[in-house]
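*Asks:* task: produce atomic coordinates for the following.
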Amino acid sequence: MVPCFNIVLVAPEIPQNTGTIGRLCVCADAALHLIRPLGYQLDEAHLRRAGMDYWQYLNLTVYENWEEFLQKNNHPTRMFFCSTKTEQSIYETSFQEGDYLIFGNEGHGLPPHFYVQYKERLRTIPMPGIHCRSHNLANSVSIALYEALRQTRWTSSVVSD
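*Replies:* Numbers count the residues shown, from 1 in each chain. The predicted model follows:
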């Protein structure tokens, strides 16, 4: 079965975030792609605990590096890179099923060359608060994925009384 969206984590560092994102992917029918290096072992207790008993249902693929990810996914063209280093909002983006939503790691964000190479594909989650530099990774994935789902799955099918 083809997933509705693809979540890509580039060099994630915190197992609890990945576990939470894995559970989110199962609940939303999305695939999870992890790009090494990982800051943990996939069999750590924290990862399993955050993913609960959903981990066995996760559509998960792990790649050695970005190039392998691109190659094994036929160099996808519909990729959106979530970052605080842009002004273009996810809410101004028209998502389509099958899109790849790509997130950097908790400590450094995306690899530096991504900000140049994929400049036109960078998207941000607006944050009106002035005392915060970013959302938690798992929260960011939730926000972006559910905006994409709202646009593609729930726009015209909602009927009000």
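*Asks:* was I right to think A30 contacts G22?
*Replies:* No. Counting by C-beta atoms under 8 Å, G22 is not a contact partner of A30; they are 9.9 Å apart. (Each C-beta comes from the backbone N, C-alpha and C, glycine too.)
*Asks:* more neighbours, the two?
*Replies:* Comparing A30 with G22 by other C-beta atoms under 10 Å, the one with more neighbours is G22, at 28 against 23.
*Asks:* may I see the buried residues of the helix or strand that contains the more buried one?
*Replies:* Using DSSP states H and E, G22 falls within helix 15-28. Neighbour-count burial for helix 15-28 flags 15-26, 28 (criterion: 16 or more other C-beta atoms under 10 Å).
*Asks:* do stretch 108-128 as well
*Replies:* Going by 16+ other C-beta under 10 Å, stretch 108-128 has these buried residues: G109, L110, F114, Y115, R121, L122, R123, T124, I125.
*Asks:* okay, these in TSV with distance to E97 next?
*Replies:* Converted to TSV, the buried residues of stretch 108-128 look like this (distance: C-beta to C-beta, whole Å):
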residue	distance to E97
G109	26
L110	24
F114	24
Y115	27
R121	17
L122	21
R123	17
T124	22
I125	20
